[in-house]
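> sequence and predicted structure below; questions after.
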Amino acid sequence: MPPKLAPSPAAGLFTDDTHTTRCAWCQATPLYRHYHDSEWGFPVDDERRLFEKICLEGFQAGLSWLTILNKRESFRQGFANFDAEQVARFGEVEVKRLLADAGIVRHAGKIASTINNARRVIDLRREFGSLGAYVWKLEPLAADRPEKVTLDTYKATPLSPASTALSKDLKKRGWTFVGPTTMHAFLQAMGLVNDHLEGCASREKALAARKAFKPPA
């Protein structure tokens with residue numbers, strides 16, 4: 001009698017040799033799966049991590065997230081561990097250094113954008129107290145996501161009102177590389193939007209972490 005086979009995962013999911021089911025986009029490497037399991041969709045309020053996420057999502061434009069993730073440590077070294085106060089002081093010397101750094105994505109426009117956005121972070125802190133307080137005030141707009149996210153529902157609603165509103169307001173404040181698609185990826189990454197698909201082992205963990213999370217005031 002042939003052994004029982006595990007049911008095939010739903011569209012958009014995959015099951016590895018440990019019988020763990022995950023979102024299919026993280027299938028490529030163990031590093032990708034670790035990011036999916038421990039970071040993506042889990043709430044964040046740490047100022048450095050939030051700024052890093054916005055910057056790296058901007059660098060990803062036109063590239064894969066895996067490319068950025070593989071270079072993340074080099075980005076951290078190059079951009080003062082994404083301390084906005086330090087990056088805001090970067091000048092011509094730092095820009096030349098970064099353009100010569102093969103460990104990062106050497107895109108002059110994106111490097112200049114990161115420095116500009118660091119200065120805009122400081123402006124936001126004066127008004128809202130922290131970058132986290134500013135971003136998490138969009139939480140009500142992010143609550144429109146379906147209770148059960150499947151590949152079909154995700155394709156039908158690839159953005160959220162929160163990502164559109166965030167992009168529009170940041171652009172008004174002088175930020176760059178913050179289009180709606182980039183901002184939706186940021187909101188997914190920081191846990192304000194949970195787009196782990198139904199059936200993914202990390203979906204309920206992310207929901208539980210979100211429930212226990214107290215957004216910054």
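Received the coordinates, thanks. It should be emphasised that the depicted structure is a prediction, and the values quoted were computed from it without experimental measurement.
> CA only for contacts and neighbour counts going forward, please
Will do.
> mean confidence (pLDDT) on stretch 72-82, please.
Averaging the model's pLDDT scores along stretch 72-82 yields 98.
> quick one: the strands in the protein?
All strands of the chain, identified by DSSP state E, fall at 13-15, 21-23.
> can you lay out these as TSV showing distance to Cys55?
Shown next, in TSV, are the strands of the chain (distance: least, C-alpha to C-alpha, whole Å):
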stretch	distance to Cys55
strand 13-15	28
strand 21-23	24
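> any idea where the helices of this structure begin and end?
30-38, 47-60, 65-70, 72-78, 84-87, 92-99, 108-128, 131-136, 139-142, 151-156, 161-172, 180-190, 203-212 (DSSP state H).
> just those helices: most buried one?
helix 180-190 (a mean of 24; mean count of other C-alpha atoms under 10 Å).
> lowest-confidence helix or strand of the protein?
Sorting the helices and strands of the chain by mean pLDDT, DSSP states H and E puts helix 139-142 at the bottom, at a mean of 82.
> contacts for it, please.
Ser160, Pro161, Ala162, Leu192, Val193 (C-alpha atoms under 8 Å, 6 or more residues apart in numbering).
> quick check: the farthest pair among these?
Within the contacts of helix 139-142, Pro161 and Leu192 form the most distant pair, 12.0 Å apart (C-alpha to C-alpha).
> that older thread, would you pull up how far the least confident helix or strand of the chain lies from the middle of the chain?
16 Å (C-alpha atoms, centre = their mean, to the nearest Å).
> relative to Cys23, which of the helices of the chain is closest?
Nearest to Cys23 among those is helix 30-38; the distance by C-alpha to C-alpha comes to 8.1 Å.
> now the angle from that closest one to helix 203-212?
Per axes from the mean of the first three to the mean of the last three C-alpha atoms, to 10 degrees, the angle that helix 30-38 makes with helix 203-212 is 50 degrees.
> for Glu198, give its distance to Gly174.
According to C-alpha to C-alpha, to the nearest Å, Glu198 and Gly174 sit 37 Å apart.
> and these two? Which one has more around it.
More neighbours surround Glu198 than the other of Glu198 and Gly174, with 19 against 12 (other C-alpha atoms under 10 Å).
> closest to Gly78 out of the contacts of helix 139-142?
Nearest member of these to Gly78, counting by C-alpha to C-alpha, is Leu192, at 27.4 Å.
> residues contacting that closest one?
Leu192 neighbours (C-alpha under 8 Å, 6+ apart): Gly41, Phe42, Pro43, Trp136, Glu139, Ala142.
> next up, the contacts around the third one.
Residues counted as contacts of Pro43 (C-alpha under 8 Å, 6+ apart) are Met190, Gly191, Leu192, Ala206, Ala209, Arg210, Phe213.
> one more pass at 6 Å, please.
Pro43 makes contact with Met190, Gly191, Arg210 under the criterion C-alpha atoms under 6 Å, 6 or more residues apart in numbering.
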